[in-house]
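Peer 1: Predicted coordinates and the sequence they were generated for:
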Amino acid sequence: MSGTELADFLDEQRVVVCATNGVRGWPHLMPLWYVVRDGEIWAWTYAKSQKAKNLERDARATLQLETGDQYDQLRGVMIEAETVIHRGAEIVAALGTEIYERYTGHSGVEEMVAAQAAKRIGLQFVPRRVASWDHRKLAGVY
């Protein structure tokens with residue numbers, strides 16, 4: 001995908017699967033709601049979650065977003081990223097509000113989100129390598 005196609009794709013999708021390195025050496029995959037800020041995926045999660053503990057130990061994560069039900073319609077992106085963990089209450093609350101508004105369309109949720117933010121962390125995924133695919137461009141050559 002081109003840069004514009006990739007940006008549009010990230011804006012269209014709703015769930016990113018986040019793979020972290022589990023303590024027993026197995027990948028740990030979990031879905032996240034997210035927002036895109038300056039081309040980076042941002043999400044939040046509970047500070048005591050397994051993915052948070054994994055990222056505290058090893059900041060590397062692989063993200064995947066995909067769509068399409070048939071082979072000739074498959075599109076997606078895989079992002080290898082270094083994760084920056086944000087713990088500041090204001091940063092986490094602002095992120096939570098942004099995520100909530102994206103997924104619900106409701107505004108004025110700051111008080112509700114602020115109550116949750118104390119238990120959460122913000123995750124900023126800084127891309128190191130990006131691979132994308134769009135089988136619609138194959139024109140039947142597969």
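Peer 2: Arrived safely. Numbering: from 1, shown residues only.
Peer 1: Every contact and neighbour count from this point should use C-alpha atoms.
Peer 2: Noted.
Peer 1: Can you check the pLDDT for Met112?
Peer 2: Residue-level confidence at Met112 comes out at 86, pLDDT.
Peer 1: looking at this, it is in a helix?
Peer 2: Yes. Under DSSP: H, G, I helix; E, B strand; the rest coil, Met112 sits within a helix.
Peer 1: And it, how far from Tyr46?
Peer 2: Counting by Cα to Cα, to the nearest Å, the separation of Met112 from Tyr46 is 15 Å.
Peer 1: out of these two, which sits in the busier spot?
Peer 2: Ranked by neighbour count (other Cα atoms under 10 Å), Met112 and Tyr46 place Tyr46 first, with 16 against 12.
Peer 1: tell me the contacts of the more buried one?
Peer 2: 52, 119-121 (Cα atoms under 8 Å, 6 or more residues apart in numbering).
Peer 1: ditto for Thr62
Peer 2: 18-20, 78-81.
Peer 1: In the residues you listed, find the pair that's most separated.
Peer 2: Thr20 and Met78 (13.4 Å; Cα to Cα).
Peer 1: what lines up beside the top strand by length along the chain in the sheet?
Peer 2: Longest strand of the chain, by residue count under DSSP state E: strand 120-134. The strands that strand 120-134 pairs with in its sheet are strand 40-46 (antiparallel), strand 75-86 (antiparallel) (by DSSP bridges).
Peer 1: can you list contacts of the last one?
Peer 2: By Cα under 8 Å, 6+ apart, the list of residues contacting strand 75-86 from outside reads 6, 55-56, 59-68, 92, 121-136.
Peer 1: give the contact list for the closest residue to Asn21 other than its chain neighbours.
Peer 2: Distance criterion Cα to Cα, 6 or more residues apart in numbering; nearest residue to Asn21, sequence neighbours excluded, is Pro27 at 5.0 Å. Listed by Cα under 8 Å, 6+ apart, the contact partners of Pro27 are 19-21.
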